[in-house]
Structures are given as C-alpha cells and as structure tokens.
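S.K.: For reference, the sequence and a predicted model appear below.
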Amino acid sequence: MTVSPVITTPRLVLRTPVEADWPAVSDYMRSSRTRFTGGPTASEFDRWRGFLASIGHWTLRGYGFFMVLKGDMPVGRVGLIYHSMWREPELGWNLFDGHEGQGYATEAALAVRGWAYETLGMGALISQIHPENTGSIRVAERLGATRESEGELLGEPCLVYRHPAPDADGSPEAYA
C-alpha cells in the first residue's frame, strides 16, 4: 500500500512526489542550490536515482519529502528524512530557484512538523544544517529550533538544530 498524505496550508499544498515532478526536481538537483546538501548532481542517472530514493523513503518509512506546490507550481520540497546513517529523523527543506524569501519553507516546515507530531507521533525533530547555509539557519530559528550541537554530516561540517517538542507548551500552536 502506498502512503499518499496531502497537507494544505493557507498558501500551499504538500503532497507526495509523482513522476511529473521529475523535471523540477532534476533542475534543482543539478543547480548550485544544492551546494549545502551534497552539491549538484551532474549525471541524469544519479539525479533519477536520487528522485527514486526519495519516493522509496515513503514506502520504507511511511514519510519522506513532500513536493511543495503554490497552485500548480512546484516551489520546493519539505519533509522528513531518516537515512540509515542519520542519528534520528530530520525535518528538512529545499526551495527551488526563484522561490526563496516568500516564507514557503517556514510555512511548509511548520505544517510537516505538526503532521509528524500529531499523525506520526514523533518526538522533537532535528535539522542538520551546514554552518554557511545562513538562509536555512534563519528558517530553523523562525521555526523555534535551537542550536544543539556541532558535528559532521557526510564529510561536511553540520550544525544540529533541535525543534520544540510536541508538547512544548501544551498547545498545537507550539508546532503547527
């Protein structure tokens, strides 16, 4: 059985990826926007494999990265990832070129975090962010995450941000 949740916010629709998302994801994966998440992927086969891995994450874990849509326009991906080498599930976000600075990452991440806490029963999540990725650090801070530690992720330096616990103040507004 395939998991296909849909989350809506006042401006966005978040849904599981479908094959029609491939062109937007492929463009993102070969762009400089990936410099803090492994770098551009030159080979179309490697981009395709990454796209399929993202879809497979949904099947294996029951969650993954949502495609973020503004109307019919894909503006990015936001979701939960828990690779075998991760210490715990992570809340992550990627915006496609031209869609930064409009609050989409924050809005979508708040919705996914609320879904993770309420629907999946997850505890406080982390976000692993390259120290030079100031835009992503600002998003984490807007989400109420606090810097917990420094480390390394896939051979690169990383800051670990901890999100507020689901019951941070006893109200859903604390995480949604």
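M.R.: All right, it came through fine.
S.K.: which residues in the chain form strands?
M.R.: 6-8, 13-15, 65-70, 73-81, 90-95, 126-129, 146-153, 156-162 (DSSP state E).
S.K.: so can I have JSON lines of those strands showing mean neighbour count?
M.R.: Bear in mind the C-beta positions are built from the backbone N, C-alpha and C, glycine included. Putting these into JSON lines (neighbours: other CB atoms under 10 Å) gives the following:
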{"stretch": "strand 6-8", "mean neighbour count": "13"}
{"stretch": "strand 13-15", "mean neighbour count": "18"}
{"stretch": "strand 65-70", "mean neighbour count": "23"}
{"stretch": "strand 73-81", "mean neighbour count": "22"}
{"stretch": "strand 90-95", "mean neighbour count": "22"}
{"stretch": "strand 126-129", "mean neighbour count": "23"}
{"stretch": "strand 146-153", "mean neighbour count": "12"}
{"stretch": "strand 156-162", "mean neighbour count": "18"}
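S.K.: May I see the ones you listed organised as JSON lines, with mean pLDDT and distance to Trp115 added?
M.R.: JSON lines is the format used below for these (pLDDT from 0 to 100; distance: least, CB to CB, whole Å):
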{"stretch": "strand 6-8", "mean pLDDT": "97", "distance to Trp115": "6"}
{"stretch": "strand 13-15", "mean pLDDT": "98", "distance to Trp115": "9"}
{"stretch": "strand 65-70", "mean pLDDT": "97", "distance to Trp115": "9"}
{"stretch": "strand 73-81", "mean pLDDT": "96", "distance to Trp115": "9"}
{"stretch": "strand 90-95", "mean pLDDT": "94", "distance to Trp115": "10"}
{"stretch": "strand 126-129", "mean pLDDT": "96", "distance to Trp115": "16"}
{"stretch": "strand 146-153", "mean pLDDT": "93", "distance to Trp115": "21"}
{"stretch": "strand 156-162", "mean pLDDT": "94", "distance to Trp115": "18"}
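S.K.: The ones you listed into TSV, with extra columns for distance to Gly114?
M.R.: Shown next, in TSV, are these (distance: least, CB to CB, whole Å):
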stretch	distance to Gly114
strand 6-8	8
strand 13-15	11
strand 65-70	13
strand 73-81	12
strand 90-95	11
strand 126-129	15
strand 146-153	18
strand 156-162	16
